[in-house]
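Engineer: Have a look at this prediction, sequence included:
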Amino acid sequence: MAAKVRSPIPSVDWTTMGEEFPCPDVLWQGVWKEVGDKVGQSWDVWMATYIALGAVAQRHLWWYYYRAPVYGMGYGLVVAPTGAGKEFCLNVTSALLPAGYVERDSVQSGQGLFPLLCNVDAKTTIKPATPLLLLLSEWNKLIHMGGIQHSTLIDDLNALFHRSRGWNLSRSDRGDSGGDRLMTPPILSILGTTTPENLLADVDDVLVNRGFLNRYLVLPGPTNPWVFWPDTGKTDDPVIALSDIRTHITECLASYSWGNGKDYQLAFSSAASSLLRSWGEDFFPWLMRQSGAQANRKKRLHVYAHQIALLAAWSRQALSVSEDDVAMAIAVVNASHQFIDRLWGDEPIPLTTVETGDFKVEQLILARVRESPDRYDKASLRESLRRQAIPYAKISKVLDQMVKADVLVTNPESMRLITMEELRVRKLPHEKGNGEYHPKSHRGSFLQK
């Protein structure tokens with residue numbers, strides 16, 4: 001079996017992120033504004049506040065949308081380079097939670113989730129759920145643990161997202177070995193941080209298509225340029241700076257319930273529903289009709305579009321969702337959509353050097369043709385790769401070698417490039433020379449031989 005070929009992992013020029021992803025004023029309202037005024041306004045601070053409010057709202061926020069319940073809990077992922085201060089958003093979230101809220105910074109297995117989500121020492125047959133927040137400074141560790149043979153961690157985290165039913169762990173028929181344990185519907189929120197390089201290296205298309213990534217709301221982390229001697233205006237420890245907001249959340253919101261499982265449309269004012277519907281009916285239908293990994297990375301954003309607006313209204317203890325609540329949700333979803341395109345889109349992030357090795361160019365070409373078979377001929381493929389600042393001569397040389405070696409072939413039906421492995425799957429006719437074709441055996445990169 002041929003070795004799995006990964007796409008090359010480009011480096012991100014983060015200096016342009018502040019211009020590409022500004023934080024609009026509409027994000028900063030209600031509790032978010034109070035937090036931003038204390039510790040600064042940035043995407044990671046917005047995300048930290050969102051996750052904290054959702055963790056506190058948990059099942060007290062309960063509406064029914066698209067054949068499934070929507071609760072307060074969320075899975076958030078903040079992406080920023082090393083040294084950008086990603087840990088700060090985790091500290092902000094922690095500082096906003098009521099005392100005693102269960103926080104953990106790691107989980108090693110699917111089975112290990114069970115004791116975190118309930119009191120396993122309880123003598124009752126059905127264990128009561130305990131609200132849990134995973135604050136993961138090394139989010140990719142979940143993927144590494146989930147990659148261990150027979151691990152159920154990834155599938156369990158998928159299943160726990162806004163789960164409406166109880167959850168069980170059955171390890172044996174003996175109580176002292178784990179037994180058959182059942183808990184009430186779990187309450188899990190996650191906030192993780194990672195770097196662009198680690199994200200692109202570890203989240204392959206298999207994980208995407210299993211639904212792992214799209215359960216996360218993905219946003220950029222700090223976008224301001226790094227400075228050695230920062231301003232001191234908003235640098236108090238979040239535990240100190242946000243103590244009064246934490247008190248308000250604990251005393252006024254922690255027990256506030258809204259929705260009780262009713263139809264989500266009842267939550268929206270007439271103006272808010274009109275705004276959300278006009279935007280969503282233009283934004284989502286084309287996305288939901290698409291197939292492939294890039295579309296699958298974004299197909300749960302429609303849930304977040306509703307849930308963010310509902311959570312914003314809940315945080316104000318409002319009777320209905322307002323236009324401002326919807327405007328916030330739209331701004332966040334648009335940013336996440338564009339950020340995902342920035343990381344994985346048709347025009348990948350530019351490489352940091354023109355002197356790219358032939359092997360990396362080969363990987364780039366393979367990744368692009370695999371992602372979009374029957375899209376490029378040689379000329380259009382060369383042109384698309386030129387935008388990555390790779391010399392035209394180098395692209396042409398590697399591409400010609402790949403075609404000559406039958407790593408890439410022309411689909412006789414579309415006259416566009418596909419990989420040889422794709423051709424074999426489709427079993428399309430392929431003629432070469434006198435009509436006889438003798439496939440070569442390629443393991444790894446033919447350029448390395």
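Structural biologist: Thanks, I have it.
Engineer: For stretch 245-257, buried residues please.
Structural biologist: For stretch 245-257, burial by neighbour count (16 or more other Cβ atoms under 10 Å) applies to I245, R246, I249, T250, L253, A254. Just so you know, the C-beta spots here come from the backbone N, C-alpha and C atoms, and that holds for glycine as well.
Engineer: As a check, name the ranges of all strands in the stretch 1-150 of the chain.
Structural biologist: 61-65, 68-71, 75-79, 102-104, 126-127, 132-136 (DSSP state E, counting those that start in this stretch).
Engineer: which of those is buried the deepest?
Structural biologist: strand 75-79 (a mean of 26; mean count of other Cβ atoms under 10 Å).
Engineer: what residues does that strand touch?
Structural biologist: With Cβ atoms under 8 Å, 6 or more residues apart in numbering as the test, strand 75-79 has contacts from 43-44, 47, 50-51, 86, 89, 139, 161, 189-196, 199, 215-221, 339, 343.
Engineer: got the CA positions of it in PDB?
Structural biologist: Extracted as PDB, the C-alpha positions of strand 75-79 are listed here (Å, rounded to 0.1, in the frame of the first residue of the first chain):
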ATOM      1  CA  TYR A  75     -16.600  24.000  20.500                       C
ATOM      2  CA  GLY A  76     -14.200  26.900  19.700                       C
ATOM      3  CA  LEU A  77     -10.800  26.800  18.000                       C
ATOM      4  CA  VAL A  78      -8.400  29.800  18.000                       C
ATOM      5  CA  VAL A  79      -5.600  29.700  15.400                       C
END
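Engineer: Now do the domain split for this structure, please.
Structural biologist: Domain assignment for the chain, taken from automatic domain parsing, gives 14-344, 358-448.
Engineer: By mean pLDDT, show me the worst of those.
Structural biologist: With a mean of 71, domain 358-448 has the lowest mean pLDDT of the domains of the chain.
Engineer: Looks like V218 contacts H337 (just checking).
Structural biologist: No. V218 is beyond contact range of H337, at 9.5 Å (criterion: Cβ atoms under 8 Å).
Engineer: if we can go back for a sec, can you redo the strands of the stretch 1-150 of the chain as TSV with distance to P285?
Structural biologist: Below are those laid out as TSV (distance: least, Cβ to Cβ, whole Å):
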stretch	distance to P285
strand 61-65	17
strand 68-71	19
strand 75-79	25
strand 102-104	39
strand 126-127	42
strand 132-136	34
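Engineer: Which one, of the ones you listed, ends up nearest to D25?
Structural biologist: The minimum distance between D25 and the strands of the stretch 1-150 of the chain falls on strand 75-79, with 20.8 Å, by Cβ to Cβ.
Engineer: tell me the angle the closest one makes with strand 132-136.
Structural biologist: Calculated by axes from the mean of the first three to the mean of the last three Cα atoms, to 10 degrees, strand 75-79 forms an angle of 10 degrees with strand 132-136.
Engineer: Strand 75-79 - which strands sit beside it in the sheet, and in what orientation?
Structural biologist: strand 188-194 (parallel), strand 216-220 (parallel) (DSSP bridges).
Engineer: right, and the helix or strand after the longest one?
Structural biologist: The first helix or strand that comes after strand 188-194 along the chain, using DSSP states H and E, is helix 196-202.
Engineer: Output that following helix as PDB, restricted to C-alpha atoms.
Structural biologist: Coordinates of each C-alpha in helix 196-202 appear next as PDB, following Å, rounded to 0.1, in the frame of the first residue of the first chain:
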ATOM      1  CA  PRO A 196      -1.700  27.200  11.500                       C
ATOM      2  CA  GLU A 197       1.100  24.800  10.800                       C
ATOM      3  CA  ASN A 198      -0.100  22.300  13.300                       C
ATOM      4  CA  LEU A 199      -3.700  22.600  12.200                       C
ATOM      5  CA  LEU A 200      -2.900  22.000   8.600                       C
ATOM      6  CA  ALA A 201      -0.500  19.200   9.400                       C
ATOM      7  CA  ASP A 202      -2.800  17.200  11.600                       C
END
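Engineer: in it, what counts as buried?
Structural biologist: By neighbour count on 16+ other Cβ under 10 Å, the buried set for helix 196-202 is P196, N198, L199, L200, A201, D202.
Engineer: Quick check: the second one touching N140?
Structural biologist: Read it as N198. Yes. Counting by Cβ under 8 Å, N140 is a contact partner of N198 at 4.9 Å.
Engineer: Out of the domains of the chain, which one sits most buried?
Structural biologist: domain 14-344 (a mean of 18).
Engineer: hey, C-alpha coordinates of stretch 369-386 in CSV?
Structural biologist: The C-alpha coordinates for stretch 369-386 follow below in CSV (Å, rounded to 0.1, in the frame of the first residue of the first chain):
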residue,chain,number,x,y,z
VAL,A,369,-5.2,18.0,-8.5
ARG,A,370,-6.5,15.6,-5.9
GLU,A,371,-8.7,18.3,-4.4
SER,A,372,-10.1,19.4,-7.8
PRO,A,373,-9.8,16.6,-10.4
ASP,A,374,-10.9,17.5,-13.9
ARG,A,375,-10.5,21.2,-13.1
TYR,A,376,-7.0,22.1,-14.4
ASP,A,377,-5.1,21.5,-17.6
LYS,A,378,-1.4,22.1,-17.6
ALA,A,379,-1.6,25.8,-18.4
SER,A,380,-4.2,26.7,-15.8
LEU,A,381,-2.5,24.6,-13.1
ARG,A,382,0.8,26.3,-13.7
GLU,A,383,-1.0,29.7,-13.5
SER,A,384,-2.7,28.9,-10.2
LEU,A,385,0.6,27.8,-8.7
ARG,A,386,2.5,30.9,-9.8
